[in-house]
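**Student:** heads up, no residue letters with this:
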């Protein structure tokens, strides 16, 4: 069979026969793509068969694991440069105030203080989303939350800088603080961000409608209406944010920054510091956890850059843990009103979802978050008619932004809890019901989202079977419960943060005469294993050992742009880019090796550091010989690859949020034992099955599942975002409850592989998907255990007792979730 | 990084030299494990110009038991050592339980019994960084005038958050104090005061050097139960210690029940004890005692967890502690 | 600084080596290690004893270096992550962490490794429960502790069996 490969814009290592698949849906081709037919040698063990893989699919130690277990891995705060100064930020002590006057003269006079910057020094407005450029590096005339940066001091040492903060005189004129969604909707309170088009503190409204929703509800045999509240929480990575800014006398600036998005920092730093992009270099060292909390430029990063240039000395600023709570950009608290119409058999006729998001003091990614609370409702279950109304408000709290799951975690809680309720009322098995109404592979949702590979049924089956769900459900003693939930997540947003026609990810692969291979890619290693993923894909493609491959990532001088480690995009997009680059190198190596071996390129394979005759493997040359032959023949051996997601947005306003080249699927089963006297919930086990497409490294995928389960459990039971007297009440790791090893149950992960046709080697995401179903699975298990349902998170012991006490009512609303009127 | 303020440090080699240093240096403080004090100093709750380290004083580290005088603990004995001690586990199991429940394994390796007895009282509005407290305009306990938890209170209501204090009191422990005027003993029940700021009946230049616990009566059972949101790190948001002795027929001959984290000092629930003495420990009797503990505790909004929940748990946890002694 | 505290010349025993350094009394062992001795393997997540990232061994017992003064480390044996490997051979806990995927971002890893090293060196009969207890003072945000527990159990098993294992590296080629 002729091995012809036609893809969007790049060659594929596997065989794919046509541009339109037999199911008839047109696989979109990027407009300018050249339809290339490339004959690619099919190895005798086709690369698309698992038994043929040497690296992909193997649970190997990550290439950077040795650095991590020896303490040799250098994180940003580990960087010490000669003459380095230390910076501290002065922050607002008012939740809402006008900044009338700031006098730094006494602080400047303190011995050891070198320079101070205030808001006026950096007036350029910016924001991670071009649609909400509502931040300046430090406050100029208004402070909007306790913790809002107001000045930056750099000094010889950190204690001196801190002492200097006390000497800065600031005159504030306090304003009423808006501390809740209800207050934000009032029209008689000051606006946190002046907006002549509104009279309240609404930031963003989204209103979308697909299909005939009214008719859908009319057709329903039963309508369910429920209100939910999902509490805010934060990422709390163990590594605090940190930056070292190094100026050089040629006017250039290097920023070593603990960031997931070096490219976005690069753009905004150049813009705000008013330097040419060519004069700013951002290097993202491996970071100690991000989870979405390090995906936008922060005040201390830009201030450090500015003061480094001004003083001519390197400047380090590392946030204290309290400041990390203030930097925030965490999970929005969201109130929901969810109305679902179903037929007797449970099939959904219509859904109307309303969400109210508490956005904190600035926009951050909030516009996208608002859409995300509604966008992915339809990619899990068949919904023929769908209406979504989302509202985000400003409040005088640290700004909310993206946290693992980004806006889809909260509605998933609402959806999956209500589905369980529907199943119970209709007398349906909650697992079988979900399988029956789940979406099918290769379909499009009512809001125009293209689903390709979809393993949701396999996930539900696997989790249910492994846990004995059907044998246990309904048969456990009072106090014990088992709950199930399913979910879906995207593999990278189809659109970048700022609109542009360029690829989302690029990679360069270089081969050295000594047999070493280097892959350059702008992605950021956040602990998810992206560096290993790149090395594994390149090693597999070139037939070398994964330890032969060195990864150079996250350096805006050296690596091609990758938009960053957010939105679960890196394996899919950077992985594809790296694959495409490696395939080009592979072609050069095969051609040169074939010449040496007196064969056709199609007769040669690469494996085990050799180039060999496929039908006679003893006839071979070493990889090094092949590399040198290729360099002699072609010159320097390099391959460049880039990946652009197919254009999938359906064209309506807001359609940019939701589309993705693929969706992952997950199903979680939680088993709980509730102490009916104390309300304390012991989670005995969580089992999660995740459709990852294909594991590049099963240990990494399991690690993401386990970590996502842990984080979901923490949100379900422990984490809160409380305020009192305008301040974050618990900005420390003792009072903000992150589960310890004695609070975390055994976690079992099951990997499901549906081999996505567009993912690199079939891979999809695992970084965020597994978190979402855990929270409703726990909620559903607790509902069974206590025969009462709790409609808000976290599900605390106290709420359990209140629910048990109020059982007669058939459910307890713990907050008066009086859903506000949607302003006209 | 959060850093310590500047100070001088001297490692005392004897109790007398430690006291001398305390007397000669106003505002100096002693430190043993440092797990409470250093954290508080980083938050600028304390800024002593001189710290006097006690950990090099070898005679302060000891565990000794005999049937006549009971248990003697040196003040700088670590919590790990106490939890692992054979004699403690055998004769005063609630003390081992309490020690084992404190913070985390590394912190128990560092923390001492003296330090836990002299743990600074705690409150959500006090145990915060300097700039956080500044935004609140401080509080009565540190730099301010008003109690943020109980604004009309004339006293600070920060909570005693020690796990060993209620247990030691239930065992009838006495503390050894040494000062410039010599040594003295005080019942631990008389050592604590109902004041979040002046929480100890001791002078600034006195040092707690040891704990004496009388030998338990025959067939004494004891238990400590701690309410907290996580199973590690967390201070108690309610704690109950029960020490119950019975005769051969199973009748209770003596009982002491002490609850903590409900106020600035441990509260001995004598009413609960009265309900037990002279009776067999039936379910009804335990219920009644637990009810008395519920009534005795008046927690305030200065820790994790809500007041109604913590009060409700007083009943449940007291009952469970007593069941463990039954 | 307005009044810089005077530095004291101190001799510390770090990873078996006697090292002289000078620092002010208010420097914690964490700060001395990272800033005066350039041993940045020991990390920090809170500096208040709330996370365990800064865990080192003091006289073979886990202790949080953020709450130990540099001065208090005199006369005691301090071991950090940099001292676990000998002659470029990884300690069994390091080897096991690498093989089991127990280090995701790796930031909490040094603290866990020191806790684990002390545990496997002191107790040859580990259970999952004992491991969970021992690491209950170390927070991890990435792993859910699952592979950390596996790795410690594996290291302990190997030490019991005292069999040198081939490092699991690279491809199965």
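**Tutor:** Received, thanks. Note that the structure is predicted; figures quoted are calculated from it, not measured.

**Student:** mind pulling the model confidence for residue C:5?
**Tutor:** pLDDT recorded at residue C:5 is 75.

**Student:** no, scratch that, I was asking about residue A:824
**Tutor:** On pLDDT, residue A:824 comes in at 32.

**Student:** spatially nearest residue to residue C:24, not counting backbone neighbours?
**Tutor:** residue C:5 (4.1 Å; CB to CB, 6 or more residues apart in numbering or on different chains). To be clear about C-beta, it is placed using only N, CA and C from the backbone, and glycine gets the same treatment.

**Student:** roughly how far does whatever residue of the stretch 1-150 of chain B ends up closest to chain A sit from residue B:43?
**Tutor:** Using CB to the nearest CB, the single residue of the stretch 1-150 of chain B nearest to chain A is residue B:135, 3.7 Å away. In this view, residue B:135 and residue B:43 are 14 Å apart by CB to CB, to the nearest Å.

**Student:** what's around residue A:674, how many residues?
**Tutor:** Applying other CB atoms under 10 Å in any protein chain shown, we find 25 residues neighbouring residue A:674.

**Student:** which SS state does the spatially closest residue to it that is not a sequence neighbour fall under?
**Tutor:** Leaving out its chain neighbours, the residue that sits closest to residue A:674 by CB to CB, 6+ apart is residue A:785, at 4.4 Å. Classification of residue A:785 by DSSP: H, G, I helix; E, B strand; the rest coil places it in helix.

**Student:** list the residues that contact residue A:785.
**Tutor:** Each residue near residue A:785 by CB atoms under 8 Å, 6 or more residues apart in numbering or on different chains is listed here: A:476, A:478, A:479, A:480, A:481, A:672, A:673, A:674, A:681.

**Student:** how about residue B:146?
**Tutor:** By CB under 8 Å, 6+ apart, the contact set of residue B:146 is B:139, B:140.

**Student:** relative to residue B:21, how far out is it?
**Tutor:** Using CB to CB, we find residue B:146 at a distance of 35 Å from residue B:21.

**Student:** cool, and residue B:280?
**Tutor:** 55 Å.

**Student:** what about these two, which has more around it?
**Tutor:** Between residue B:280 and residue B:21, counted using other CB under 10 Å, the more crowded position is residue B:21 (17 against 12).

**Student:** near chain C, which residues of the stretch 1-150 of chain B show up?
**Tutor:** With CB under 8 Å from any CB of the partner chain as the criterion, the stretch 1-150 of chain B comes near chain C at residues B:1-9, B:11, B:34-35, B:38-39, B:42, B:51, B:53, B:55, B:80, B:103-107, B:109-110.

**Student:** picking up where we left off before, and the residue nearest to residue A:674, how far from residue A:795?
**Tutor:** For residue A:785, the distance to residue A:795 - CB to CB - is 11 Å.

**Student:** so what's in contact with the two at the same time?
**Tutor:** Residues touching both residue A:785 and residue A:795 by CB under 8 Å, 6+ apart: residue A:681.

**Student:** give the buried subset of the contacts of residue A:785 as a PyMOL selection command.
**Tutor:** The PyMOL selection below is limited to those of the contacts of residue A:785 classed as buried (16 or more other CB atoms under 10 Å in any protein chain shown):
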select buried, chain A and resi 476+479+480+481+672+673+674+681
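
**Student:** hang on, the earlier thing: would you confirm that the residue of the stretch 1-150 of chain B closest to chain A contacts residue A:94?
**Tutor:** Yes: taking contacts as CB atoms under 8 Å, residue B:135 lies within contact range of residue A:94: 7.2 Å.

**Student:** residues that sit against both of the two, list them.
**Tutor:** A:146, A:726.

**Student:** can you give me the helices in chain C?
**Tutor:** Assigned by DSSP state H, the helices in chain C fall at C:29-31, C:92-100, C:109-122, C:128-134, C:146-161.

**Student:** do you know which of those lies nearest chain B?
**Tutor:** That would be helix C:128-134 among the helices of chain C, by CB to the nearest CB, at 6.0 Å.
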